[in-house]
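# fold the following.
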Amino acid sequence: ATGRGSPERLGNLCRFAFCAKPAAPKSNHPNRLHDVTLASESARFARSSIFRGDIVDKETFERGLAIRKEVLGAEFVEKSFATADDFNRPMQELTTQYCWGETWGRPGLDRKTRSMLNLAMIGALNRPHEFKAHVRGAIKNGVSKDEIREVLLQVAIYCGVPAGMDTFRMAKEVFTELGI
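The predicted structure follows:
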């Protein structure tokens, strides 16, 4: 299948955005890249409709917008779009359609599980703004304070104590703001 959200299409998007595939070597060197370089692949992807601010699939975008508002809160999401400009609006659209519509909209995991995974990954990446938003979302999705603590202990062990300390500090700030 090659429709929206198909593995083939998403694989191509990933390839264009992030990596150049090795081609059959024209020399004996095993790491020779395609004649098309990463830069030209990225430029080609950047010219695609999603980065011009066009919504590729309105239904998926709308589903993503609804999920995003339910998890992060309508005020947070609306502020993200209200403050967006021509430069960063395409990123808001991409995030809403692919992150929230395609991924969060899949049936394979419940929202509670997705929230716990996100806390671990975003904590590992040390993205404080997104982490705090996802702590709030995790609570809305039924993740308890004790479960959040357990996820953050995993972060500390597998990503390092400094990352763990930061995630605990940020989570505690959110708990204080929410009065829990």
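# switch to C-alpha atoms for all contacts and neighbour counts from now on
OK.
# state the distance from residue 136 to residue 178.
Distance, residue 136 to residue 178, using CA to CA, to the nearest Å: 8 Å.
# same question, residue 155
From residue 155 across to residue 178, the span is 23 Å (CA to CA).
# these two: who's more crowded?
Neighbours per residue, other CA atoms under 10 Å: of residue 155 and residue 178, the larger number sits with residue 155, 24 against 10.
# gap between residue 163 and residue 83?
29 Å.
# wait, I meant residue 100
Using CA to CA, residue 100 is found at 19 Å from residue 83.
# can you check residue 180 too?
From residue 180 to residue 83 the distance is 29 Å (CA to CA).
# for residue 173, same thing?
For residue 173, the distance to residue 83 - CA to CA - is 24 Å.
# show me which of those two is the more surrounded one.
More crowded of residue 173 and residue 83, by other CA under 10 Å: residue 173, with 13 against 9.
# quick one: name whatever helix or strand follows the helix or strand of the chain with the lowest mean pLDDT.
Ranking every helix and strand in the chain by mean pLDDT, DSSP states H and E puts helix 38-46 at the bottom, with a mean of 39. Toward the C-terminal end, the helix or strand that comes next after helix 38-46 (DSSP states H and E) is helix 58-72.
# in that following helix, what's buried?
Across helix 58-72, burial judged by 16 or more other CA atoms under 10 Å covers 60, 61, 62, 63, 64, 65, 66, 67, 68, 69, 71, 72.
# ok, now stretch 128-137?
131, 132, 133, 134, 135, 136, 137.
# mind listing residues that contact the top helix by length along the chain?
Ordering each helix of the chain by length in residues (DSSP state H) puts helix 161-178 first. Contacting residues not belonging to helix 161-178 are listed as 123-124, 126, 128, 131-132, 135-136, 149, 152-153, 155-157 [CA atoms under 8 Å, 6 or more residues apart in numbering].
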